[in-house]
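After the sequence you'll find the predicted model.
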Amino acid sequence: MEGKRRDAVSYRDLAGTIAVVTGGSRGIGAETARRLVANGAKVAVVGRDGAAIDALVESVRREGGTAYGAQADVTHFPAIERMRAAVEAELGPVDVLAAFAGGQGMPVPTPDRSTDRWRQVIESDLTSVFLTIRSFLPGMVERGHGSIITMASSAGRIPSQANAAYAVAKAGVVMLTRHLAHEVGPKGVRVNCIAPSSILTERTEKLIPDETKQQIAAMHPLGRMGTPGRRRQHRPVSRLRCLILAHRYHDRPGRRASDQLTRTQGPPPAS
């Protein structure tokens with residue numbers, strides 16, 4: 001696997017770890033899963049799209065990596081519990097959790113947002129993170145080690161074109177991360193967060209009109225949106241996720257890495 005992925009930076013302390021990536025079938029989650037496997041981790045890819053999960057798992061296995069696919073609705077705690085039990089039966093106790101499911105940030109005027117839809121976005125982008133961590137955290141605390149990374153957004157830090165529910169949810173993810181880092185850091189579990197800016201995933205490629213993409217791209221220094229990390233020019237930042245999950249990041253819990261994928265300086269300082 002490592003020979004076929006020569007671009008991958010080696011974080012040797014990830015080798016042999018068991019990792020779970022929710023929202024792992026596409027976009028940032030899928031690239032994170034690939035990076036973890038390239039660094040020797042055994043990865044469970046979790047999502048709702050069974051076909052996409054199967055395709056990613058098959059691709060990883062063809063390259064010599066170890067991956068396991070699991071479908072789960074991470075807004076439903078019993079489903080998460082069943083998924084965790086299946087993953088641990090297949091791969092073993094989980095060392096690394098990337099809680100990345102979500103992504104309901106399309107622009108919607110606040111007066112047009114229905115109460116039901118508001119609740120759906122909060123469930124998808126905030127409650128799902130809490131429920132996923134709630135399932136995996138007790139085992140990490142019991143074993144005295146673990147690494148959790150959450151996915152926020154620049155929309156959770158500054159006003160943007162994203163809808164208000166999404167912005168509130170992502171701001172909540174940031175504070176959830178900080179609170180948990182303070183709570184469980186002394187117990188050996190590290191909790192960190194990344195906050196990407198505008199990322200052109202398969203989903204946003206389809207949903208965002210070309211004119212809007214051009215407007216968003218014009219807001220960034222290089223005049224383009226970021227991508228999940230498979231292109232060579234974006235690989236330094238895609239490696240940031242593995243760096244945070246690796247033990248060498250142990251002295252920086254509770255940080256929010258402003259993962260601005262349109263910059264060229266590499267991973268920016270946490271703040």
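Everything's here; your move. Since we're looking at a predicted model, the values are computed, not measured.

low pLDDT regions in the stretch 151-271 of the chain?
155-156, 197-271 (pLDDT under 70).

Apply 80 and report the result again.
For the stretch 151-271 of the chain, the stretches with pLDDT under 80 are 154-162, 195-271.

Same question for the stretch 1-150 of the chain.
Filtered on pLDDT under 80, the stretch 1-150 of the chain yields the residue ranges 1-11, 103-107.

Just the helices from it, written as ranges.
Secondary structure of the stretch 1-150 of the chain by DSSP state H, counting those that start in this stretch: the helices cover 27-38, 50-62, 77-90, 115-122, 128-143.

List the buried residues in the third one.
Of the residues in helix 77-90, those with enough neighbours to count as buried (16 or more other CB atoms under 10 Å) are 77, 79-80, 83-84, 87-88. C-betas here are computed from N, CA, C, even on glycine.

which among these gets closest to A41?
V87 (12.8 Å; CB to CB).

got a list of what that closest one touches?
Listed by CB atoms under 8 Å, 6 or more residues apart in numbering, the contact partners of V87 are 18, 20, 44, 46, 68, 70, 94.

Okay, buried residues for the longest helix seen in the chain please.
In the chain, assigned by DSSP state H, the helix with the most residues is helix 164-184. For helix 164-184, a neighbour-count test (16+ other CB under 10 Å) marks 164-174, 176-178, 180-181, 184 as buried.

Please apply the same query to stretch 60-78.
The neighbour-count check on stretch 60-78 (16+ other CB under 10 Å) flags 60, 63, 65-70, 72-75, 77 as buried.

Redo these as TSV? Include distance to A52.
Formatted as TSV, these follow (distance: CB to CB, whole Å):
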residue	distance to A52
V60	13
E63	17
G65	17
T66	19
A67	13
Y68	15
G69	9
A70	13
A72	14
D73	15
V74	15
T75	18
F77	23
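
Among these, which one lies nearest to V37?
For those, the nearest to V37 is G65 (3.8 Å; CB to CB).

Next, give phi and psi for that closest one.
Backbone torsions of G65, given as degrees, to the nearest 10, read phi -90, psi 170.

State the number of residues packed around the spatially closest residue to it that is not a sequence neighbour.
Distance criterion CB to CB, 6 or more residues apart in numbering; nearest residue to G65, sequence neighbours excluded, is V37 at 3.8 Å. A count of nearby residues for V37, using other CB atoms under 10 Å, gives 27.

same question, A51
8.

Could you measure from it over to S25?
Distance, A51 to S25, using CB to CB, to the nearest Å: 9 Å.

same check, this time on N163
23 Å.

between these two, who's got more neighbours?
Taking other CB under 10 Å, N163 and S25 do not tie; S25 has more neighbours (26 against 22).

who touches that one in this structure?
45, 47-49, 52-53, 56.

Just the buried ones from these, in PyMOL syntax?
The following PyMOL line selects those of the contacts of S25 that are buried, judged by 16+ other CB under 10 Å:
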select buried, resi 45+47+52+53+56
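
which one of the contacts of S25 is nearest E31?
Looking across the contacts of S25 and measuring by CB to CB, the closest to E31 is L56, at 10.0 Å.

ok, back up a step: can you give me every residue that contacts the residue nearest to G65?
1, 43, 60, 63, 65-67.

ok, back up a step: and the buried residues of helix 77-90, which two are furthest apart?
Longest span within the buried residues of helix 77-90, CB to CB: F77 and E88, 16.3 Å.
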